[in-house]
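**Student:** Using only what follows, build the 3D model:
(chains A, B, C and D)
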Number of protein chains: 4
Amino acid sequence: MSKYALNCIGVLTSGGDAPGMNAAIRAVTRAAIYNNIRVKAIFRGYQGLISREIQEFNTQDVSNIIHHGGTILKTARCEEFRTAEGRQKAYDTMVSEGIDALVVIGGDGTFTGARIFAQEFNVPIVGIPGTIDNDLYGTDSTIGYDTALNTIVECVDKIRDTATSHERLFFVEVMGRGAGFLALNSAIAAGAEAAIIPERETSVAQLDELILNGFRKSKNSSIVIVAEGGGGAQAMAGRIHAQYPEYDIRVSILGHLQRGGSPSAFDRILASRMGVAAIEALLDEQRSIMIGIVNDEIVNVPFTKAIKYDKQMSDSVINVSQILSI
Amino acid sequence: MSKYALNCIGVLTSGGDAPGMNAAIRAVTRAAIYNNIRVKAIFRGYQGLISREIQEFNTQDVSNIIHHGGTILKTARCEEFRTAEGRQKAYDTMVSEGIDALVVIGGDGTFTGARIFAQEFNVPIVGIPGTIDNDLYGTDSTIGYDTALNTIVECVDKIRDTATSHERLFFVEVMGRGAGFLALNSAIAAGAEAAIIPERETSVAQLDELILNGFRKSKNSSIVIVAEGGGGAQAMAGRIHAQYPEYDIRVSILGHLQRGGSPSAFDRILASRMGVAAIEALLDEQRSIMIGIVNDEIVNVPFTKAIKYDKQMSDSVINVSQILSI
Amino acid sequence: MSKYALNCIGVLTSGGDAPGMNAAIRAVTRAAIYNNIRVKAIFRGYQGLISREIQEFNTQDVSNIIHHGGTILKTARCEEFRTAEGRQKAYDTMVSEGIDALVVIGGDGTFTGARIFAQEFNVPIVGIPGTIDNDLYGTDSTIGYDTALNTIVECVDKIRDTATSHERLFFVEVMGRGAGFLALNSAIAAGAEAAIIPERETSVAQLDELILNGFRKSKNSSIVIVAEGGGGAQAMAGRIHAQYPEYDIRVSILGHLQRGGSPSAFDRILASRMGVAAIEALLDEQRSIMIGIVNDEIVNVPFTKAIKYDKQMSDSVINVSQILSI
Amino acid sequence: MSKYALNCIGVLTSGGDAPGMNAAIRAVTRAAIYNNIRVKAIFRGYQGLISREIQEFNTQDVSNIIHHGGTILKTARCEEFRTAEGRQKAYDTMVSEGIDALVVIGGDGTFTGARIFAQEFNVPIVGIPGTIDNDLYGTDSTIGYDTALNTIVECVDKIRDTATSHERLFFVEVMGRGAGFLALNSAIAAGAEAAIIPERETSVAQLDELILNGFRKSKNSSIVIVAEGGGGAQAMAGRIHAQYPEYDIRVSILGHLQRGGSPSAFDRILASRMGVAAIEALLDEQRSIMIGIVNDEIVNVPFTKAIKYDKQMSDSVINVSQILSI
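**Tutor:** Alright, predicted model coming up:
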C-alpha cells in the first residue's frame, strides 16, 4: 500500500457492543458509496479480517438497521490480532480483497490494535468511538453513551417506585469500569441521593453523612448509584447494613441490559455524523485518527492521544449533583 | 360491628408493591364515592391501621395516579399484625375512625392476615390481588403481572442485542419465587431458547440438550430464562461453564426493576375493574373474598381458597415454549 | 387437491399490518418444521400468491423477528384475488409450488377471500386473526390489539402532561373504524373522562354533561377519546367550541403510529400460541377455520362465523368507564 | 427594589410546556434552599403573579417530580401581563410577598415579557430556556428538545413498520413552527428519506427527485419529515398524489404528544444544571439574562440577544442528511 488509493474500504466493529454501532455502519457504508467507494463488511472484528469473513455491502444492506441495538457485523475480542502473525494475515486479507483502508468502530482496545497495525503495514485507518462508557479522550461523547444513560435512568425510575413504596435504601450498580460518567450523570438525571464514582474516593464518613442527612432524617427512600469500578454496590450495602441494621437495604446490579436497546436520537445522529466524517477524513488522506465531536464540531484525534489521555470529569457537574441531593 | 353498615371503607396496600396498585386505589376510591361511601386511606399496610396513619380521600386525591408505578399508600410487612394485640389495636382504629369495611390490595400474605382479622372481629374485608408473580388461585391474572412480563421482555430484548453481537450464552434470572409464570411466558415472548421453572425439574441432561441442539450447533447466541426459585442463574451458568469452558457465558439478574414502572394498559384496566368490583361486592354484603377475573368475568373467591390452592400452569403453554425453541 | 397431504404449507399476511404478525409467522414456520412440514413464505399477501413471490423458509429465516413490528412478508390489498381469474392463478401457484395448505394472517377481508378460495379449489386454509381493532367474532383478542392499546395509552399519558399543564380539553381520535374496543379500553386505562364509541350514540346532551360535570366544575383538564368511526374528534371539538368558546380545546389524531411498534408480551405470546395451533389444526385436518383464543383456550372458529357475527362489547366494562370518570 | 437583596425568589413556568420543566423547577428550588434563599412557587405563569396564586416551596415539594413531563406549576399565556396595569399588579405581588427576584422558565415570549417587566420595575430576573423547538439563540440546547426529538423518532420508528409492510410513502408532520431543528434531526435519526424545513425552500423539482431516486426506483417505502412551518404535510402529500396517483401515500401529524412524556436523561441533566446556574447567576448579581449552555459550559445570555437573534442551522448537518438518504 505504498501508493494511496481509495477505491474500497473495509468496516468492522470490535470490543464491547454499543447502541448506535449499526447507525455508524450505515453511515459509513452510504457515505462511501455516495463517494463511489466500495464497501466490504468485515464480520467479528479483527478476527474476521484474519479469517476472511467478508461480504460486500451496498446501500440496501444497511437499510432498516439505524434503530437496532447491537451490531450487525458482530463483534469479538481477538487474541490473534495481538500477534505479528495475526496482523500479517489481516494485511494479506486486505490485499487480496482489495481493501485500501479501514474504518474501525470501537473503544480503547480497538484503537490500540489499529494503531499498531496501521504503523506496521502503512494502512490508512480511521476510528469511530463506539462505547457506552464515554471514556475516550478527544470527543465530547461516544456512540452508545446517551442510550445507556437513558436505559439506566429508566431502570432507576422503576426501582424508585419500589424504593418509595417500601421506604428502602437502594444501591444500584451501573457500568463504567474506570470511568464514572454513567454513574454521575445517571445519578443527576434519576434524582438519586448520591453517586459513588472511581474518580472520587468516598469515605465511610461521607456515606454516613448521606445516611444521616438523607434517609434517616426523612424516614424516606434513598437511591445511591455506584460505578462498577468503585468497589461494588454489594460491598457498600454490606458496610452500611453492618452499621445500620435497622434500615431496609437492597442492591440491584443492572448488568448487561445497559449495553443493548434501540439507540437514542442523540446516538443515531452522532453515529450518522461520525460515519460520514470518517469517509471524509479518508478522502482528505487522514489516517490513524479517531473521529471526535467537540463543541458540536467534527475533529480528528490522533490514535496516540485518544488512547493515552484520560477524559476529565467536570467539577461543575459533580457540584450540581451534590447541591441537588439535599 | 354486629350490625352491617357501609358508610365508610378503608383501603390499604400490603406486601410487595406491584404496578397497577395505584390504579386499583383510584378505582376503589372513586367507586366508593360514586356509591356515597366515604374512603379512608390507610398508609403502610396493616402497620398504618395499627398506628393510625390514616387520611380521608376524595376523588381529587386519586387524580393523575393511574399511570404511576408503586403505591401512593406505601406498603410494609407488619409483624405486629401477626399478634392478637396488634390486631386488637387495628380493630380499635377501625371503630374510632368509623371504618365499616376494608379493601386490602396485595398477595398471599395480605389475605392470610385479612382472613384471621375478619374472623376474629367480624369485619367485612374484600381483597384485590396485586402481585407481579401471578401465583394466586382463583384469578386468571393478578395486578402487576402483565407489566412485569413486559418489563422483563424489554430487558431481554436489550440483552439479546448483546448476546447476538457477541455470540454468547446468557442466563437471565427473573422474579417468581415459587411460580414460573413470569419465566415461562417471558421466555416465549422474548424468543428465548429455554425456561427453567420450579414447576418442572430441569436435569443436567436437558440443559445439555439445549447446548447441543441450540448454541453449539448454530454457533449462535442463546438466552435461557431462569425463575429465581429454580436454583439460580448463577449456579446454572457455573454448571454449564464447567462442562463447556469454550462458551462465552454471562449471567444477568434483573432484580427489583421488575416490580416498578408505569403499569401496562392491561393492568390498569384489570385494576380498574377489580377496584369497582370490590366496592360492588361489599355493597352485595360479600366478605372474606378476593376479587378475581376468570374468563373475563369478575368472580368472588373465598380467601380460604385463594390462599390454599396453587395455580396450575398450562401444559399447552409449556408445549408451545418447547416447539418454538427449535 | 382431492387427496389430503400436508408436506408443505404456505404462509402469508394480508390486510392492515399489526404488531405481532412477525411472531405469528415465526411460530407457524417453526411449528411446521417441528412437524416435518416445509414452509413457503408468500410475499405481499394474495398478490404474491398470484404473482409467485415465494421463498422457502427455514428456522433461521424467522430468527430475531419476534420483537419487530410490521410483517417481514409485507402485506397488500389485492383486487385481482377478488376475480375468478386471479384465484385460478393463485391456485396454479399452489400446485406448481407444491403448497398443500395455507395459513393466512389478517382480518375480516383476509378471511372472506380465504373462504371463497377454499370453497372453489378445495384448499385447506387456516386463518390467524391479526388486526389491532379486535373486532373479530370468536376470539377474545386479536394479534396487535394489546400493543395498539398500550401505544395509545402511552400517547395519551404524554398528552395529559400538556393537558394538565395548560388546563385544556383534549379530543384524541384513535383507530377502530367500526369497533370501539380500542377507544373504550384506552379511555379506562388512560383515565380519560369519556369515550365516544360507535356502539353507543353520544348525544349533544351527554357531551354537555361531561363539560358541566368535569371540565367546567373543576377548572381542570379533560381528555375525551373518540373512535374514528364515531364522527370524528374534529367535528366533536367544533361542536363543543361553538357552545363553550371560553374553553381551550385541542384535537389530536393519533393516526398510523398506532399500527406499528414492537409487540407487547401479550401479543407475542398470543401470536406464538396461535401460530402453533394453526399447524396443529391443519394436522388435525381442520380447514376454513380461524384460530381463536377464548377463556385462554385455543378454539377453531369457522370462517363463516368469524366473518358474519359482530363481537359484543361488555356492558360491565362500559359501566366501569362511567363510574371512574366521576 | 432599589437595594439588592436575595432572601426570597419566585419561580414560574410560562408559554408552551416542555419535558424537563419539572426538573428545572426542582433544581431552582433546591439550589435556592441550599443557599438559604426562600422559594415561592408561582402558578400559571405571569397570570399567577398578577392574581397571587403563590405557595412557598421546600425541598419536599419538588421530590419525585424530576421524571414527570409537563409542569407542576402549570402554565398559561397571559394577555394582562402585556399591559402596564397587569405588570403593576405583578410587581405589587412581588413586594407584598417579599419576592426579591424571579426565575422564569419558558421561551421567546416569556423572556420578552420578562425583559420589559425587569426594565420597568428594576426587578432581577433570570430566564431558563424551556421549549421543545430549540429555537433560542445563545444556547446549544433548550430544555425539552432532546425529549421531543426522541418522541418523534420513536413515533417514526413505529410508522416505518407500517410504511415498510405496505410499501407506502409517508409524510410525517412534526412541531417547530419557525425552526426546522426537530424536523431535520429527527429525519437523520429516523433514517427518513428527506426533511422539509422552513430554513430551506424545497421546490417541486426536489420533491420529484426524491420520488424518482427513492420510492420509485426501489419500489420501497419512504418517509418524509415535514416541519409544521413548511407548508404542511397534507399539502405536500396532495401535490405528490396529483402527480403520482399510483403511489400509496399517507399523512401523519404527530401533534401534541410531542410536548409531553418523561424527560430524557439529557434534558433532566440540562435542566438540573441550568436550575443551579440560575440561582448562582442571581447570587452573582446577574439580571435580565437567560442561562444557556454552549460547548458544555454555562453561559449568561442577555435577554435582548436571546430574543433578537436567530439560531443558525448547521450546514454540515443538512449535508449529512442528504448523503445518508441515498
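**Student:** A:Ile116 and chain D, how far apart?
**Tutor:** Separation of A:Ile116 from chain D (CB to the nearest CB, to the nearest Å) stands at 31 Å. For the C-beta atoms, the positions are set from N, CA and C on the backbone; glycine is no exception.
**Student:** my guess is that residue contacts A:Ala84, does it?
**Tutor:** No: counting by CB atoms under 8 Å, A:Ile116 does not reach A:Ala84; the two are 9.5 Å apart.
**Student:** for the stretch 51-200 of chain A, what spans make up the helices?
**Tutor:** For the stretch 51-200 of chain A, applying DSSP state H, counting those that start in this stretch gives helices covering A:84-97, A:108-121, A:145-166, A:181-190.
**Student:** Which of the ones you listed sits closest to C:Gly292?
**Tutor:** Evaluated with CB to CB, the helices of the stretch 51-200 of chain A place helix A:145-166 nearest to C:Gly292, the distance being 34.6 Å.
**Student:** right, and the helices of the stretch 51-200 of chain A - which one's nearest chain B?
**Tutor:** helix A:145-166 (3.3 Å; CB to the nearest CB).
**Student:** what helix or strand is A:Leu12 on?
**Tutor:** Using DSSP states H and E, A:Leu12 maps to strand A:8-13.
**Student:** So A:Gly48 is in contact with A:Ile54, correct?
**Tutor:** Yes: in this structure A:Gly48 lies within contact range of A:Ile54 using CB under 8 Å: 6.8 Å.
**Student:** shared neighbours, those two?
**Tutor:** Taking CB atoms under 8 Å, 6 or more residues apart in numbering or on different chains as the contact definition, A:Gly48 and A:Ile54 share the neighbouring residues A:Ile42.
**Student:** A:Glu167: what's it in contact with?
**Tutor:** So A:Glu167 contacts A:219-221, A:248, B:74, B:76 (CB under 8 Å, 6+ apart).
**Student:** For the closest residue to A:Arg273 other than its chain neighbours, give me its contacts.
**Tutor:** Spatially, and ignoring its direct neighbours in sequence, A:Arg273 is nearest to D:Val320 (5.3 Å; CB to CB, 6 or more residues apart in numbering or on different chains). When contacts are counted by CB under 8 Å, 6+ apart, D:Val320 touches A:27, A:272-273, A:276, D:188.
**Student:** A:Gln119 too?
**Tutor:** A:Ser288.
**Student:** Need the contact partners of the helix or strand containing A:Met290.
**Tutor:** Take DSSP H and E as the rule and A:Met290 turns out to sit in strand A:289-294. With CB under 8 Å, 6+ apart as the contact definition, strand A:289-294 has outside contacts at A:111, A:126-129, A:136, A:138-141, A:270, A:273-274, A:277-278, A:281, A:298-303, A:306, D:295.
**Student:** likewise stretch A:50-59?
**Tutor:** With CB under 8 Å, 6+ apart as the test, stretch A:50-59 has contacts from A:10-11, A:29-30, A:33, A:38-44, A:47-48, A:61, A:78, A:80-81, A:86, A:89-90, A:93, A:97, D:326.
**Student:** hmm, which of these are the buried ones?
**Tutor:** Neighbour counting with 16 or more other CB atoms under 10 Å in any protein chain shown marks A:10-11, A:29-30, A:33, A:38-44, A:47-48, A:78, A:81, A:86, A:89-90, A:93, A:97 as buried within those.
**Student:** Look through the stretch 51-200 of chain A and state the residue closest to chain C.
**Tutor:** Relative to chain C, the nearest point of the stretch 51-200 of chain A is A:His68 (9.0 Å; CB to the nearest CB).
**Student:** and the residue nearest to that residue when sequence neighbours are not counted, how far is that from A:Thr202?
**Tutor:** Nearest in space to A:His68, with sequence neighbours left out and distances taken as CB to CB, 6+ apart, is A:Asn22 at 5.2 Å. Relative to A:Thr202, A:Asn22 is positioned 37 Å away (CB to CB, to the nearest Å).
**Student:** Could you do A:Arg87 as well?
**Tutor:** From A:Arg87 over to A:Thr202 (counting by CB to CB), the distance is 42 Å.
**Student:** Who has more neighbours out of these two?
**Tutor:** Between A:Arg87 and A:Thr202, counting by other CB atoms under 10 Å in any protein chain shown, A:Arg87 is the more crowded of the two (21 against 18).
**Student:** Show the pLDDT at the more buried one.
**Tutor:** Looking at A:Arg87, its pLDDT reads 98.
**Student:** Check whether it really touches A:Arg115, as I assumed.
**Tutor:** No: A:Arg87 is beyond contact range of A:Arg115, at 11.6 Å (criterion: CB under 8 Å).
**Student:** For the stretch 101-250 of chain A, give me the ranges with low pLDDT.
**Tutor:** For the stretch 101-250 of chain A, the stretches with pLDDT under 70 are A:204, A:212, A:214-219, A:229-231.
**Student:** Quick one: name the residues of it near chain D.
**Tutor:** By CB under 8 Å from any CB of the partner chain, the residues of the stretch 101-250 of chain A that approach chain D are A:140, A:146, A:149-150, A:152-153, A:157, A:160, A:164, A:185-186, A:188-191, A:218.
**Student:** And those, which of them are buried?
**Tutor:** The neighbour-count test (16+ other CB under 10 Å) marks A:140, A:146, A:149-150, A:152-153, A:157, A:160, A:164, A:185-186, A:188-191 as buried among these.
**Student:** Now do the contacts for the residue most central in space within chain A.
**Tutor:** For chain A, A:Thr131 is the residue whose C-alpha lies nearest the centre (CA atoms, centre = their mean; 1.5 Å). Residues in contact with A:Thr131, defined by CB under 8 Å, 6+ apart, are A:15-16, A:18, A:106-108, A:142-145.
**Student:** Excluding chain neighbours, what is closest to it?
**Tutor:** Using CB to CB, 6+ apart and skipping residues adjacent in sequence, the residue nearest A:Thr131 is A:Gly107, 3.7 Å away.
**Student:** Next up, phi/psi of that neighbour, please.
**Tutor:** Dihedral pair for A:Gly107: phi -120, psi -160, per degrees, to the nearest 10.
**Student:** A:Leu136 is in contact with that one, correct?
**Tutor:** Yes: the criterion here is CB under 8 Å, and A:Gly107 meets it with A:Leu136 at 6.6 Å.
**Student:** what residues are shared contacts of those two?
**Tutor:** Common neighbours of A:Gly107 and A:Leu136, counting by CB under 8 Å, 6+ apart, are A:129, A:142.
**Student:** Need the pLDDT of A:Gln258.
**Tutor:** On pLDDT, A:Gln258 comes in at 97.
**Student:** and A:Ile116 and A:Ala84? which has more neighbours close in?
**Tutor:** Counted by other CB under 10 Å, A:Ile116 and A:Ala84 do not tie: A:Ile116 has more neighbours, with 15 against 9.
**Student:** Which SSE is immediately downstream of the strand holding A:Leu12?
**Tutor:** Using DSSP H and E, the helix or strand that follows strand A:8-13 in sequence is helix A:21-34.
**Student:** If anything else comes up later, I'll come back, but that's it for now.
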